[in-house]
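> fold the following for me, if possible:
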Amino acid sequence: MYNSVPLFIFISMISMMEELTTKITEEFISYYDLNSGEVETADSNETVMKSTLKICRHILRYKNFYNEQFKKPNFIHYLSQELYTQLIKVYSNNGYAIFASYGTVGYLSQWVHED
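Numbering: from 1, shown residues only. Alright, predicted model coming up:
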């Protein structure tokens, strides 16, 4: 006979992971606030948009999370759709917004998988 983990623990873990995913992706999407055009110095030679720097720092902070999530097609689609809702405000064109959102997520996926 083996000891099994009670079903409620699995359900709790799934709920916790869903909440964590929502929290992290909402934070990611929040950096695409289009009203933030401020610039910041990333190092001595580069000036970048503050939002770009925040996005990069966010991805690096949660690299392990994204490394696992980007292996899941459903997550890629979910994050791309969330990003699309922000980028449609920039491009006002469905094609451009879809291309940019899926392209961004694809690029980030490659970035976190590199070592």
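
> scan the chain for its longest helix.
When the chain is scanned for its longest helix (criterion: DSSP state H), the result is helix 7-30.

> does anything pack onto that helix? Which helices or strands?
Other elements packing on helix 7-30 under the criterion 3 or more C-beta pairs under 8 Å, 6 or more residues apart in numbering; DSSP states H and E are helix 50-61, helix 63-69, helix 73-91. All C-beta atoms are positioned from the backbone trio N, CA, C, and that covers glycine.

> return the set of buried residues in stretch 101-110.
Buried residues in stretch 101-110, counted by 16 or more other C-beta atoms under 10 Å: S101, Y102, T104, V105, L108, S109.

> go on, stretch 62-80?
For stretch 62-80, burial by neighbour count (16+ other C-beta under 10 Å) applies to Y62, F65, Y66, Q69, F70, F75, I76, Y78, L79, S80.

> ends of it, how far apart?
Chord length of stretch 62-80, first to last residue, is 17 Å (C-alpha to C-alpha, to the nearest Å).

> who touches that stretch?
With contacts defined as C-beta atoms under 8 Å, 6 or more residues apart in numbering, stretch 62-80 is touched by 20-21, 24-25, 28, 59, 98, 101-102, 104-106, 108-109, 112-113.

> can you find the helix or strand in the protein with the smallest mean pLDDT?
strand 39-43 (a mean of 56; mean pLDDT, DSSP states H and E).

> just to revisit the earlier point, which among the contacts of stretch 62-80 gets closest to V90?
Distances from V90 to these, taken as C-beta to C-beta, are shortest for S101 (10.5 Å).
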